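Novice: Here you go, sequence then predicted model.
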Amino acid sequence: MRYCIGVDVGGTTIKFGLFCEDGKLVKKWEIPTQTEGKKEKLYSDMAASIREAVQAEGLTLEKLAGVGVGIPGPVRKNGYIEALVNLGVYGLNINEELPSYLDGTTVRAVNDANAAALGEMWQGGGKDFDSVALLTLGTGLGCGIIESGRLVDGSFGMGGELGHIIMEPGEEEACNCGGHGCLEQYASATGIARVAERMLASSNMDSVLRGREKITAKDVFDAARAGDPLAEQAADKSMDYLGRAMSYVSHITDPACFVIGGGVSRAGEYLRQLVQRKYASYIHIQEPQAQIRLATLGNDAGIYGAARLILE
């Protein structure tokens, strides 16, 4: 029996999962993310936690097929990562550097959105397909694209950066990336709230959202499901942006299935049906069309996908 470790590096915590080769999750755990601005601190903390967990299960590092690591940033094919901005760490090559902390165990790094896409394809909402695009609607908008079971990550690790395609070139407000009019500004959790806030400011429509100190994407979808006209329009507009962007993906890579994940996906079937309608309105020459499904692995998608990277 082969085992592997899947790791999901986040700004607050680092999540780990020990897996069997059949996809069974044996154990999962997490530790605080504490880099102190040094990659060596990141490596030593990860390695110490992996050693402790493997030993607790009566295993050794020699029993591991490898360690897959999902990283919040672009990862080049050779494993080089220019910057983990949110962690304050720069110039890493996890594929080459982390093994020395793990007695030479094989390590492979991947962008965290791509890891989540692999996880959902392997054991989640896209399990029936080998051609999947995962859209993660959270604070930002992540995307991972898989074709014939393999990641489409591009020459420089930028493949699938759907959140930063320009949808509105005339947008005055800047995106976190420095661009203007990115999809993320309209269809992420923060983007959905922004669209609703702009509608409230530009109209006199009655709405349960009016007067709130802070509006969230959950507020917008809860109100929309309850029949609030302004919330319905805001959700419709945000998901129209998303559906249009998804049609671009279909015209380029033609996935069999889109999986919607991230915090916004908790809006459930209402969201799925709305996205399905918007996507279909932009696809006119394709039959059948891609299925739209909801993610099922939640916050564990990253560790599943990182493990799958080792076992593929």
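Specialist: Nice, I can see it.

Novice: use CA for all of it now, contacts and neighbours both
Specialist: Will do.

Novice: Taking the chain centroid, which residue in this protein is the extreme one?
Specialist: residue 204 (36.1 Å; CA atoms, centre = their mean).

Novice: Any stretches of the stretch 151-300 of the chain with poor pLDDT?
Specialist: Within the stretch 151-300 of the chain, the stretches with pLDDT under 70 are 286.

Novice: I'd guess the residue farthest from the centre of the chain is in a strand, am I close?
Specialist: No - Residue 204 is assigned coil when assessed by DSSP: H, G, I helix; E, B strand; the rest coil, not a strand.

Novice: Where do the strands of the chain begin and end?
Specialist: 3-9, 13-20, 25-32, 64-71, 80-84, 89-93, 107-111, 132-137, 141-147, 150-151, 257-261, 291-294 (DSSP state E).

Novice: Looking at the first one now, give me its mean pLDDT.
Specialist: In this model, strand 3-9 carries a mean pLDDT of 96.

Novice: hang on, the earlier thing: out of the strands of the chain, the one nearest residue 100 is which?
Specialist: strand 107-111 (10.0 Å; CA to CA).

Novice: For the closest one, which strands pair with it and how are they oriented?
Specialist: Strands that pair with strand 107-111, judged by DSSP bridges, come out as strand 64-71 (parallel).

Novice: now the partner strand, how far from the centre of its chain.
Specialist: 17 Å (CA atoms, centre = their mean, to the nearest Å).

Novice: Tell me which residues of that strand come out buried.
Specialist: By neighbour count with 16 or more other CA atoms under 10 Å, strand 64-71 contains the buried residues 64, 65, 66, 67, 68, 69, 70, 71.

Novice: How many residues are close by residue 1?
Specialist: 8 (other CA atoms under 10 Å).

Novice: So which of the strands of the chain is nearest residue 168?
Specialist: Among the strands of the chain, the nearest to residue 168 by CA to CA is strand 141-147 (15.8 Å).

Novice: What lies in contact with the closest one?
Specialist: 113-118, 130-136, 151-153, 159-163, 183-184, 187-188, 253, 255 (CA atoms under 8 Å, 6 or more residues apart in numbering).
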